[in-house]
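A.B. asks: sequence-free structure coming up:
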């Protein structure tokens, strides 16, 4: 039986059987294939493997078992699988420990050989177990590990097939993902361009193809809380999933994990909270629909102790508002959702930390510039900015000035050089028009009522005349007279009905005009009120010239220069 040394290369063959011959000069190959007697003897000697390096000497044994797979006993197969799984676990632990210390070139080569050998054997065993399904018996099972025996004994009677998808996937995912998560925790390795390019691709495939989102979200949060410098790698994974696969599983699990994580306001937790906040914001920018679908989870974060998390949640909610169409195109449900989100945004303008107040004002400014603030909310939002002009924090006052300035520049009521006289004239004209329409509507309604009364009297009179005539008409002429009367009534009735219908249509049109003109009157009224608020803002911004803070002085100059 041959052995492999550290300098020899283990090349994965195209066909498993090719390992029996030397593929390239210096590559490892199995010189002698063991017979069944030797296999059984050697299995007894290697039942307890202590170190992964032992695989270098016993690889021919596992190779021979695969070659004679159909002839090896069920017990022998199961024992071989147990040893391989044990070796995988030991190798992962050893590699993790060695990476912390730093691997030499020989060390990397050595561990790479072991990982290749283990992967090759496990893959081949799985293939051969799959091919053996037609002849399998109830005994073709792999014994459970000690940790799993108690948990699954009641369901499986102590047995679990090697071909079980859950078992295979679990082992495979662990082999692939554990080194990846360990790399995330190494700042020096994660900065390596090869790692930065390929690690997100590996994790993306594992999450999308092997339902690894839940475990990944837990690992990401832990990695972020301990090592926040590599957050860009995790954001790349999220981006790849959303853009290449339209896979939202990680984003959903990530939101759940964040909600269950307690980010306190202590200084020691600021770094991790900042990184998680960046995740939330980037996720909202990548796909606001995720936030909209799980809006309750984001709303829960508004009560988080960490102000970074609260700001991230507000930013995510703002991204939902930005994604919505203009007000005229929204249905009632979307309008209600938008109004609820705007209310939450208003509430946090007065949040306790200045950091939150400042960012909340910035979000309002963004919505104003994008014209996402409904006209009915404009005055209330302007008053919020006006109130924050007297905030005790300089940075909050700065963003309050910016918000007020953009609200004046983007206001829906008038152009910047409009005068109060022009607005008042427009309001008076609208009020006059409104009075005229209401008078016209009142006149039409009065005519309709009079026509209705006349119609009722005429109908009653016709009934009485018809009764009197019926008594004097001969029976022979009765039918002819009735026909003539009905024809006359119909001829008189048609013009009256047409006139009544036209009057009703006119009333509806006038009522619609009245509603539009009422909106115009309200619009002018709000415009005049907005002018009053601008005058207050001018005074408060001018007071900033008396501030001892140069930032206030500069911001006040910028305000008046832009509005001149």
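C.D. replies: The structure has been received and is ready for your questions. From a predicted model like this one, the values you see are computed outputs, not experimental measurements.

A.B. asks: which helix or strand contains residue 70?
C.D. replies: Using DSSP states H and E, residue 70 falls within no helix or strand.

A.B. asks: quick check: pLDDT value at it.
C.D. replies: Residue 70 carries a pLDDT value of 87.

A.B. asks: what's the neighbour count on residue 341?
C.D. replies: With neighbours defined by other C-beta atoms under 10 Å, the count for residue 341 comes to 20. For the C-beta atoms, the positions are set from N, CA and C on the backbone; glycine is no exception.

A.B. asks: quick one: low-confidence ranges for the stretch 351-500 of the chain?
C.D. replies: 459-500 (pLDDT under 70).

A.B. asks: tell me where it has strands.
C.D. replies: Read by DSSP state E, counting those that start in this stretch, the stretch 351-500 of the chain holds no strands at all.

A.B. asks: what sits against the closest residue to residue 404 other than its chain neighbours?
C.D. replies: By the measure of C-beta to C-beta, 6 or more residues apart in numbering, the closest residue to residue 404 outside its immediate chain neighbours is residue 385, 4.5 Å from it. Applying C-beta atoms under 8 Å, 6 or more residues apart in numbering to residue 385 gives the contacts 361, 364, 400, 403, 404, 407, 537.

A.B. asks: sort out for me which of these are in helices.
C.D. replies: Members of the contacts of residue 385 lying in helices (criterion: DSSP state H): 361, 364, 400, 403, 404, 407, 537.

A.B. asks: got a markdown table for these, with neighbour count too?
C.D. replies: Compiled in a markdown table, the ones in helices among the contacts of residue 385 are given as follows (neighbours: other C-beta atoms under 10 Å):
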| residue | neighbour count |
| --- | --- |
| 361 | 27 |
| 364 | 28 |
| 400 | 29 |
| 403 | 27 |
| 404 | 29 |
| 407 | 26 |
| 537 | 23 |
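
A.B. asks: let me know the closest of the residues you listed to residue 457.
C.D. replies: Nearest to residue 457 out of those is residue 407 (C-beta to C-beta; 61.5 Å).

A.B. asks: sorry, back to before: could the ones in helices among the contacts of residue 385 go into CSV alongside distance to residue 447?
C.D. replies: Formatted as CSV, the ones in helices among the contacts of residue 385 follow (distance: C-beta to C-beta, whole Å):
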residue, distance to residue 447
361, 56
364, 52
400, 57
403, 53
404, 52
407, 48
537, 51
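
A.B. asks: and the contacts of residue 385, which is closest to residue 510?
C.D. replies: For these, the nearest to residue 510 is residue 407 (35.8 Å; C-beta to C-beta).

A.B. asks: wait, that closest one sits on residue 382?
C.D. replies: Yes: judged on C-beta atoms under 8 Å, residue 407 makes contact with residue 382 at a distance of 5.2 Å.

A.B. asks: quick revisit: nearest to residue 342, of the ones in helices among the contacts of residue 385?
C.D. replies: Among the ones in helices among the contacts of residue 385, and counting by C-beta to C-beta, the member closest to residue 342 is residue 364, at 9.2 Å.

A.B. asks: and the closest residue to that closest one other than its chain neighbours, what does it touch?
C.D. replies: Distances taken as C-beta to C-beta, 6+ apart put residue 403 closest to residue 364, at 5.5 Å, once the chain neighbours are dropped. Listed by C-beta under 8 Å, 6+ apart, the contact partners of residue 403 are 361, 364, 365, 368, 381, 384, 385, 388.

A.B. asks: could you find the closest non-adjacent residue to the last one?
C.D. replies: Spelled out, that is residue 388. Nearest residue to residue 388 in three dimensions, chain neighbours excluded: residue 400, at 3.7 Å (C-beta to C-beta, 6+ apart).

A.B. asks: now do the contacts for the residue nearest to residue 330 when sequence neighbours are not counted.
C.D. replies: Leaving aside its sequence neighbours, residue 330 sits nearest to residue 324 (C-beta to C-beta, 6+ apart; 6.3 Å). For residue 324, the contacting residues are 330, 334, 338, 372, by C-beta under 8 Å, 6+ apart.
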